[in-house]
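1. build me a model:
(one chain, ligands or ions: 1)
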Amino acid sequence: MRPIQMVDTKTQYHKIKEEVDKAVLEVMESTAFINGKAVQEFTANLNSYLGAGYTIPCANGTDALQIAMMALGLQPGDEVITPSFTYIATTEVIALLRLTPVFVDVDPQTYCIDPSAIEKAIGPKTRAIVPVHLYGHPAEMERIMNIAIKHGLYVIEDNAQAIGSDYHFSTGQRKKTGTIGHIGATSFYPSKNLGAFGDGGAIFTNDEALAAKMKMIANHGQSRQYYHDIVGCNSRLDSIQAAILDIKLKHLDEYISARKEAADHYDNAFANHPGIVTPYRADFGSHVFHQYTIQVDPSKRDGLKEYLSTKQIPSMIYYPVPGHKQKMFEQFGVESAELPVTDALTQRVISLPIHTELDSEQLKYISREVLAFLNN
Ligand SMILES: *Cc1c(COP(=O)(O)O)cnc(C)c1O
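-> Sure, this is the predicted structure:
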């Protein structure tokens with residue numbers, strides 16, 4: 001059996017090596033390293049794949065979130081409602097911009113922000129909501145958008161883990177996650193579902209003025225060369241990464257299918273097991289399985305991780321410490337916030353290997369060992 005990894009980017013690369021190597025060499029030969037043709041082509045192709053209005057490439061997913069929040073003109077002290085159960089980048093940029101993160105609980109099934117918790121957290125200083133499509137499962141965007149419209153709030157979707165996921169509205173309309181809120185942000189970190197061979201990110205919006213502003217912010221607030229109208233930053237997707245991403249974008253649907261097949265295998269293997277909660281799949285959207293995360297009894301979780309590692313099976317805890325308990329946010333006095341679902345999940349979740357290159361022998365072995373430990 002081939003060794004098992006959390007993410008197997010090498011095997012994936014080898015399947016498209018010829019095409020990727022050629023594209024990278026072409027960029028090198030062109031020397032158009034910054035904002036070259038490859039960046040423009042990938043941006044246009046991603047924009048049409050997602051059905052976004054405007055796509056702005058940038059240096060990474062954290063910058064994408066930061067630029068989004070800068071463009072909305074949020075002022076120090078403005079409150080931004082966000083889940084505590086997410087990767088730190090989502091909430092870190094809120095504090096970095098001197099905004100106040102308001103941590104709310106997640107839904108026990110989707111693990112994404114709980115819309116009713118959002119409503120309860122809205123106050124006079126609330127300006128924005130940042131839902132995260134965690135592990136590749138969409139947050140309940142229709143309810144979230146209705147709440148936002150009712151209260152005049154902005155919505156920034158953190159789509160770093162869910163690129164390619166479809167959201168189904170009750171009207172029958174479908175949209176890709178990341179294109180539903182006022183702004184969507186994503187990451188091309190190598191292990192993400194659409195991963196570069198280094199860092200990268202992008203921002204999406206349907207609003208022309210916001211798009212123009214975000215483009216300026218990502219480029220030193222520049223309207224034309226050497227005329228800087230607003231304070232911005234330097235955040236670029238480089239041409240080599242764009243060339244690679246453009247090739248991988250053509251395979252994205254196939255990659256998502258491969259992840260779903262692996263998830264189906266695990267689901268079948270763990271079906272009806274009293275000690276395992278398998279990932280929920282809502283009918284309002286598609287799960288693209290950035291992670292395959294199960295819940296087990298807290299008394300078994302760390303033992304399971306340890307046991308799997310003795311069997312050469314890696315696993316990860318995403319995330320052991322929720323945002324409201326991070327030292328970084330002590331200044332906001334949030335550590336005593338009551339977020340029972342978040343607190344329980346941090347004790348119960350464990351993510352198993354999932355990627356595009358798992359074969360059935362590996363999947364059988366992993367599920368057999370998970371069951372062997374839990375049935376013991
Ligand atoms: C990866 C990730 C980010 C940040 O992306 P980078 O490209 O690493 O800066 C933000 N939010 C979530 C939920 C992520 O998973």
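
2. show me what counts as buried in stretch 114-121.
-> Asp114, Pro115, Ala117, Ile118, Ala121 (16 or more other Cβ atoms under 10 Å). Using the backbone N, CA and C atoms, a C-beta is placed for each residue, glycine as well.

3. now that stretch, how far from the chain's geometric center?
-> 21 Å (Cα atoms, centre = their mean, to the nearest Å).

4. in stretch 5-16, what counts as buried?
-> Gln5, Val7, Asp8, Gln12, Tyr13.

5. what's the first-to-last distance across that stretch?
-> 19 Å (Cα to Cα, to the nearest Å).

6. that stretch close to the ligand?
-> No. Stretch 5-16 lies apart from the ligand when judged by Cβ under 6 Å from any ligand atom; the minimum separation is 12.5 Å.

7. pLDDT averaged over that stretch - what is it?
-> Stretch 5-16 shows a mean pLDDT of 97.

8. ok, longest helix in this protein?
-> helix 252-270 (DSSP state H).

9. buried sites along that helix?
-> 252, 255-256, 258-260, 262-263, 265-267, 269-270.

10. now it: mean pLDDT?
-> 98.

11. also stretch 357-376?
-> The predicted model assigns stretch 357-376 a mean pLDDT of 97.

12. next up, the contacts around Ala64.
-> For Ala64, the contact set (Cβ atoms under 8 Å, 6 or more residues apart in numbering) comprises Cys58, Ala185, Thr186, Ser187, Gly201, Ala202, Ile203.

13. surely the fourth one meets Gly201?
-> Yes. Ser187 is within contact range of Gly201, at 5.1 Å (criterion: Cβ atoms under 8 Å).

14. common neighbours of these two, please.
-> Common neighbours of Ser187 and Gly201 (Cβ under 8 Å, 6+ apart) are Asn60, Gly61, Thr62, Ala64.

15. out of the residues you listed, which is most surrounded?
-> Per-residue neighbour counts (other Cβ atoms under 10 Å) across these peak at Ala64, which has 34 neighbours.

16. would you map out the domains in the chain?
-> 9-249, 252-374 (automatic domain parsing).

17. tell me which of these lies nearest to Met1.
-> domain 252-374 (5.3 Å; Cβ to Cβ).

18. how far off centre is the closest one?
-> 15 Å.

19. any part of it near the ligand?
-> No. If you take Cβ under 6 Å from any ligand atom as the test, domain 252-374 misses the ligand, and the best it gets is 7.5 Å.

20. ends of that domain, what's the gap?
-> 34 Å.

21. next one: stretch 261-279
-> Across stretch 261-279, first to last residue, Cα to Cα, it's 14 Å.

22. what's it in contact with?
-> 135, 137, 287, 289, 292-297, 300, 348, 352, 354-355, 358, 360, 363-364, 366-368, 370-371, 374.

23. enumerate the beta-bridge partners assigned to whatever residue of the stretch 201-350 of the chain ends up closest to the ligand.
-> Nearest to the ligand, among the residues of the stretch 201-350 of the chain, is Gly201, at 5.2 Å (Cβ to the nearest ligand atom). Gly201 forms beta bridges with Cys58, Ser187, as assigned by DSSP bridges.

24. and Tyr167, what is it in contact with?
-> Contacts of Tyr167 by Cβ under 8 Å, 6+ apart are Pro138, Met141, Glu142, Arg174, Lys175, Lys176, Thr177, Ile180, Phe284, Gly285.

25. strands of the stretch 101-250 of the chain, residue ranges please.
-> Using DSSP state E, counting those that start in this stretch, the strands of the stretch 101-250 of the chain run over residues 126-129, 154-158, 166-168, 174-176, 183-187, 201-205, 222-224, 227-228.

26. just say which of those strands is most tucked in.
-> Greatest average neighbour count among these goes to strand 183-187 (a mean of 30), per mean count of other Cβ atoms under 10 Å.

27. alpha carbons only: can I get that one in PDB?
-> Presented in PDB, the C-alpha positions along strand 183-187 are these (Å, rounded to 0.1, in the frame of the first residue of the first chain):
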ATOM      1  CA  ILE A 183     -17.600  39.900  -1.000                       C
ATOM      2  CA  GLY A 184     -16.100  36.400  -1.000                       C
ATOM      3  CA  ALA A 185     -12.500  35.600  -0.200                       C
ATOM      4  CA  THR A 186     -10.500  32.500  -1.000                       C
ATOM      5  CA  SER A 187      -7.100  30.900  -0.600                       C
END
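
28. check what contacts it and list those residues.
-> Residues contacting strand 183-187 (Cβ under 8 Å, 6+ apart): 52, 60-62, 64-65, 68, 71-72, 89, 154-160, 163, 177-178, 192, 194, 200-205, 210, 214.
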